[in-house]
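>>> Make a model of this:
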Amino acid sequence: MNQPARVLLCLALAMLGARLSAAERKGYVYEGGIRVPGIVQWPGHVKPGTESDVPVGGVDLLPTLCELAGVELPADRTLDGQSVAPLLQGKPFERSVPLYWQFHRARGDVKVALRDGDWKIAAELSSPTPKPSGEIAEGETEALKKAELKNFRLFHLKADPAEETDVQREHPAEFQRLRELLIDKHADVRAEQPLWPAWEWPRYEAERIQWPEYRKRKRK
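I've put the predicted structure just below:
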């Protein structure tokens, strides 16, 4: 059924980073690269001007929409997120599924991270980092399929939003708990990962862009 030209539920993301005193920027798995503000518009349900500091992710969108629509979750796949419908409805919300990030082409050493409450554990991958590109290199996904986690770091984001201090020695029990969670999650993601053949980006979009004159001069 078509709806009037009015947004019923809109999630909009915008880049942030340095203004939050977060580490690094776009392209990193540190907070400056993954933390962005979310904007929700749901007339009659979400009160305008409401603010929340509860972290959510794109993986939460499908479970949330399924709950709001009264639709059962798909049972033929692993879901990495959970419904945040209670949060949108102003009800108590407690995350039971930690947020997870993996980007093997991320800048810097850290490629994988998991957040549980104010705790964040991050790690490197044993596979080589591909050169910056929009393509898939020969053997790239095969290497990821065999990659292991290494060089773990533990951060407390409330006390250290800039992720400057690794506190795994000060909190060994928390580090061990989160390390096991991250290893298990990474293993699940790796097991589901497909093996893609090498692929060369055809650059169709770039060929069709009508660059302004100042951009043309800069590109020469």
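
>>> now for whichever helix in the chain runs longest, which elements pack on it?
Taking DSSP state H as the criterion, the chain has its longest helix at helix 172-192. Counting by 3 or more Cβ pairs under 8 Å, 6 or more residues apart in numbering; DSSP states H and E, the packing neighbours recorded for helix 172-192 are strand 99-102, strand 112-116, strand 119-125, strand 149-156. Using the backbone N, CA and C atoms, a C-beta is placed for each residue, glycine as well.

>>> Just put those in TSV and tack on mean pLDDT and distance to Ala187.
Output for these, formatted as TSV (pLDDT from 0 to 100; distance: least, Cβ to Cβ, whole Å):
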stretch	mean pLDDT	distance to Ala187
strand 99-102	95	12
strand 112-116	96	11
strand 119-125	97	13
strand 149-156	97	9
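
>>> Ile209: which of those strands is closest?
strand 99-102 (30.0 Å; Cβ to Cβ).

>>> Figure out how far the closest one is from the centre of its chain.
Counting by Cα atoms, centre = their mean, to the nearest Å, strand 99-102 is centred 5 Å from the centre of its parent chain.

>>> Alpha carbons of that strand, as PDB, please.
In PDB, the C-alpha atoms belonging to strand 99-102 read as follows (Å, rounded to 0.1, in the frame of the first residue of the first chain):
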ATOM      1  CA  LEU A  99      27.700  -4.700  18.400                       C
ATOM      2  CA  TYR A 100      30.300  -6.100  16.000                       C
ATOM      3  CA  TRP A 101      32.400  -4.500  13.300                       C
ATOM      4  CA  GLN A 102      34.800  -6.100  10.800                       C
END
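
>>> Tell me where the protein has helices.
31-34, 61-69, 85-88, 140-146, 172-192, 204-208, 213-219.

>>> and those helices, which is most packed in?
helix 31-34 (a mean of 23; mean count of other Cβ atoms under 10 Å).

>>> Looking at it now, give me its mean pLDDT.
Mean per-residue pLDDT for helix 31-34: 88.

>>> Take the helices of the chain and lay them out in TSV including distance to Pro128.
Shown next, in TSV, are these (distance: least, Cβ to Cβ, whole Å):
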stretch	distance to Pro128
helix 31-34	20
helix 61-69	32
helix 85-88	39
helix 140-146	6
helix 172-192	16
helix 204-208	27
helix 213-219	30
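
>>> Minimum distance to Phe155: which of those helices has it?
Comparing the helices of the chain by Cβ to Cβ, helix 31-34 comes nearest, at 8.7 Å.

>>> Using PDB, write down the CA coordinates of that closest one.
Taking Å, rounded to 0.1, in the frame of the first residue of the first chain, the C-alpha atoms of helix 31-34 are listed here in PDB:
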ATOM      1  CA  GLU A  31      35.200   5.300  17.200                       C
ATOM      2  CA  GLY A  32      35.900   8.200  14.800                       C
ATOM      3  CA  GLY A  33      35.300   5.800  11.900                       C
ATOM      4  CA  ILE A  34      32.200   4.000  13.100                       C
END
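
>>> Show me the contact partners of stretch 59-69.
Contacts with stretch 59-69, where a contact means Cβ atoms under 8 Å, 6 or more residues apart in numbering, come from 9, 11, 71-73, 79-85, 88, 99-100.

>>> ok so, going back, strand 149-156 and the longest helix of the chain, what's the angle between them?
130 degrees (axes from the mean of the first three to the mean of the last three Cα atoms, to 10 degrees).

>>> Okay then, goodbye and thanks.
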